[in-house]
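Participant: Sequence and predicted structure, then a few things I'm wondering about:
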Amino acid sequence: MKTIDIDQTCLRMDSQGFYRLDIPEKLNMARLMVDFRAEHGRAQDVAIYHEDRKITCQELKDLTDRFAKGGE
């Protein structure tokens, strides 16, 4: 799987100062929104507050990986 460079691919300012969002033909949002944060220094940051529970970015990554594998 090709890794995308978020700074170069997603946010580009045009000549009028507007940002253009370049979306690849295939985009894995879980990889972009969950895995990237967990793997780049935000693993212990809270990703979700649910009632009295706090789910960290790493826990969310582990849960989504488990779901993707069919609950193994």
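Facilitator: Yep, that arrived.
Participant: does the residue nearest to the spatial centre of the chain sit in a helix, a strand or a coil?
Facilitator: The residue lying closest to the centre of the chain (C-alpha atoms, centre = their mean) is residue 33, at 1.4 Å. Under the three-state scheme (DSSP: H, G, I helix; E, B strand; the rest coil), residue 33 adopts helix.
Participant: what's the longest helix in the chain?
Facilitator: helix 57-68 (DSSP state H).
Participant: which outside residues touch it?
Facilitator: 30, 34-35, 37-39, 42-48, 55, 72 (C-beta atoms under 8 Å, 6 or more residues apart in numbering). No exception for glycine: its C-beta is placed from N, CA and C like everyone else's.
Participant: Restrict that helix to CA atoms and write it as CSV.
Facilitator: Extracted C-alpha coordinates of helix 57-68, given in CSV (Å, rounded to 0.1, in the frame of the first residue of the first chain):
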residue,chain,number,x,y,z
CYS,A,57,-5.8,6.9,19.4
GLN,A,58,-3.9,3.6,20.0
GLU,A,59,-7.0,1.9,21.4
LEU,A,60,-9.1,3.1,18.5
LYS,A,61,-6.5,1.8,16.1
ASP,A,62,-6.4,-1.6,17.8
LEU,A,63,-10.2,-1.8,17.8
THR,A,64,-10.5,-0.8,14.1
ASP,A,65,-7.8,-3.3,13.2
ARG,A,66,-9.6,-6.0,15.1
PHE,A,67,-12.9,-5.1,13.4
ALA,A,68,-11.2,-5.2,9.9
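Participant: Alright, that wraps it up for me.
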